[in-house]
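In: The following block contains a protein sequence and its predicted model.
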Amino acid sequence: MSSNTETVTAVDTKGGMDLFGRYLSVWVALAIVAGVSLGQLAPVVPETLSRFEYAQVSIPIAILIWAMIFPMMAQIDFSAVVGVRKEPRGLAITTIVNWLIKPFTMFAIAWFFLMVVFEPLIAPELASEYLAGAILLGAAPCTAMVFVWSYLTKGDAAYTLVQVSLNDIIMLFAFAPIVVFLLGISDIQVPWNTVLLSVVLYIVIPLAAGYLTRRTLIARRGQQWYDDEFMKRLGPVTPSALIVTLVMLFAFQGEVILENPLHIALIAVPLIVQTFLIFFLAYGWARLWKVRHCIAAPGAMIGASNFFELAVAAAIALFGLQSGAALATVVGVLVEVPLMLVLVRIANKTRNRFPA
């Protein structure tokens, strides 16, 4: 089994969370302040950048998103999927929860809060856009940060890699149909070709580039050089690109936030409820099936957290930088780390209830 789980960007050389991962919510909050300030004080910057488009795709944003996603794809060892026969119950729970339950509970919970409970506080059109952002968050399970959660709960790193690799393969085929279906029943019309374009741009191309890069460099320089040197150099690219993307996003979103600061809290409510629901569903199911804790905890974390880089990318591609959908996906980034650290604490305190 590859040792590439040690090269995940959010994990430092001692296996713990690095400075970026530990204070992710702080960086996101600072990016919000910087972006809103930029949009208000120098509106010419976002206006100029918005002119660089091709086929309704923002070229600067596309480059930043590729920079965010490529390092994650380059660390995936698809040969690890042959390990699916090892303790199949853990994989069965992860796969069913992530693809047959999570997207639909996210839709139901977000619809209930945004379209019903908060109806007096959010205009219907804007609520629909926030719902679209929640759908995009729910349609893709976590890819990179889950290795951090796995480490913090003393998870089986090799098995976590298998779970993540399998989910990435399923995501290649399932993300677009799930998103189109849930947006359709929400009366949010998005053409199939637009969704497929976002899948090709932000999943297929980075995945193919990551696979070819990994295979070529390991063949030429060896596994150890790839893990210890190449991935280490590539590590800062994802967090840097994420922060710059968020600054640009909030430069376009400044007016919306200044006019509706309460919306940030309202969007966060269904995302928080969904996170706890999915975690306890997968975690409780694993306990019922007597799955070992080192597999149960990371498996529950994968579904509870989201592939927020992809959600942000898809929201921008489908609805635009200034859309409510893009704002909702960024709120997902903002709340994820504090929530996941709470779940890590719960998992560690309940370890003795699972087989060793």
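Out: Everything's here; your move.
In: okay, which residue is most central for the protein?
Out: residue 307 (1.6 Å; CA atoms, centre = their mean).
In: Against residue 202, how distant is it?
Out: According to CB to CB, to the nearest Å, residue 307 and residue 202 sit 10 Å apart. The way it works is simple: take the backbone N, C-alpha and C, and place the C-beta from them, glycine included.
In: what do you get for residue 327?
Out: 18 Å.
In: Neighbour count for the two, which is higher?
Out: residue 327 (27 against 24; other CB atoms under 10 Å).
In: Let me see the contact set for residue 203.
Out: If a contact means CB atoms under 8 Å, 6 or more residues apart in numbering, then residue 203 has 171-172, 175, 310 as its contacts.
In: Among the residues you listed, which ones are in helices?
Out: Members of those lying in helices (criterion: DSSP state H): 171-172, 175, 310.
In: what's in contact with stretch 164-171?
Out: 73, 76-78, 80-81, 84, 91, 94-95, 98-99, 140-143, 146-147, 203, 207, 302, 307, 310.
In: Just the buried ones from these, in PyMOL syntax?
Out: Entered in PyMOL, the line below selects the buried ones among the contacts of stretch 164-171, by 16 or more other CB atoms under 10 Å:
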select buried, resi 73+76+77+80+81+91+94+95+98+99+140+141+142+143+146+147+203+207+302+307+310
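In: circling back to that earlier point, next, the residue nearest to the residue nearest to the centre of the chain when sequence neighbours are not counted: phi, psi?
Out: Nearest residue to residue 307 in three dimensions, chain neighbours excluded: residue 140, at 3.8 Å (CB to CB, 6 or more residues apart in numbering). Dihedral pair for residue 140: phi -140, psi 110, per degrees, to the nearest 10.
In: Please report how far residue 140 lies from residue 292.
Out: Where residue 292 is concerned, residue 140 sits at a distance of 26 Å (CB to CB).
In: circling back to that earlier point, what sits against the residue nearest to residue 307?
Out: Residue 140 neighbours (CB under 8 Å, 6+ apart): 171, 175, 306-307, 310-311.
In: before we move on, what about residue 350?
Out: residue 283 are the contacts of residue 350 under CB under 8 Å, 6+ apart.
In: Quick one, grab the pLDDT at it.
Out: The pLDDT attached to residue 350 in the predicted structure is 94.
In: what's the distance between it and residue 287?
Out: As judged by CB to CB, residue 350 and residue 287 stand 8 Å apart.
In: Let's test this: mean pLDDT of stretch 106-119, rounded?
Out: 96.
In: next one: stretch 281-296
Out: On average, stretch 281-296 scores 94.
In: Which positions within that stretch qualify as buried?
Out: 281-283, 285-287, 291-296.
In: Next, format those as JSON lines and append secondary structure and distance to residue 118.
Out: Listed next are the buried residues of stretch 281-296 as JSON lines, based on DSSP: H, G, I helix; E, B strand; the rest coil; distance: CB to CB, whole Å:
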{"residue": "281", "secondary structure": "helix", "distance to residue 118": "24"}
{"residue": "282", "secondary structure": "helix", "distance to residue 118": "27"}
{"residue": "283", "secondary structure": "helix", "distance to residue 118": "29"}
{"residue": "285", "secondary structure": "helix", "distance to residue 118": "31"}
{"residue": "286", "secondary structure": "helix", "distance to residue 118": "33"}
{"residue": "287", "secondary structure": "helix", "distance to residue 118": "34"}
{"residue": "291", "secondary structure": "coil", "distance to residue 118": "37"}
{"residue": "292", "secondary structure": "coil", "distance to residue 118": "41"}
{"residue": "293", "secondary structure": "helix", "distance to residue 118": "37"}
{"residue": "294", "secondary structure": "helix", "distance to residue 118": "40"}
{"residue": "295", "secondary structure": "helix", "distance to residue 118": "38"}
{"residue": "296", "secondary structure": "helix", "distance to residue 118": "34"}
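In: Greatest separation within the residues you listed: which pair is it?
Out: 281 and 294 (19.2 Å; CB to CB).
In: roughly how far apart are the spatially most distant residue from the centre of the chain and residue 77?
Out: Most distant residue from the mean C-alpha position of the chain: residue 220, 31.5 Å away (CA atoms, centre = their mean). Remark: distance between residue 220 and residue 77 (CB to CB) = 17 Å.
In: And residue 50, by the same measure?
Out: 38 Å.
In: swap in residue 92?
Out: Counting by CB to CB, the gap from residue 92 to residue 77 is 21 Å.
In: Equivalent analysis for residue 348, please.
Out: Taking CB to CB, one finds residue 348 at 27 Å from residue 77.
In: mean confidence for stretch 335-344?
Out: Mean predicted lDDT for stretch 335-344 stands at 84.
In: what about that stretch, distance to the chain center?
Out: Put simply, stretch 335-344 sits 14 Å off its chain's centre (CA atoms, centre = their mean, to the nearest Å).
In: Ok, stretch 323-332 next?
Out: Stretch 323-332 sits 12 Å away from the centroid of its parent chain (CA atoms, centre = their mean).
In: what sits up against that stretch?
Out: Contacts for stretch 323-332 (CB under 8 Å, 6+ apart): 28, 32, 126-134, 136-137, 246, 249-250, 253, 256-257, 263-264, 267-268, 271, 306, 308, 311-312, 314-316, 318-320.
In: Mind doing that once more with 7 Å?
Out: 126, 129-130, 132-134, 136-137, 246, 249, 253, 256, 264, 267-268, 271, 306, 308, 311-312, 315-316, 318-319 (CB atoms under 7 Å, 6 or more residues apart in numbering).
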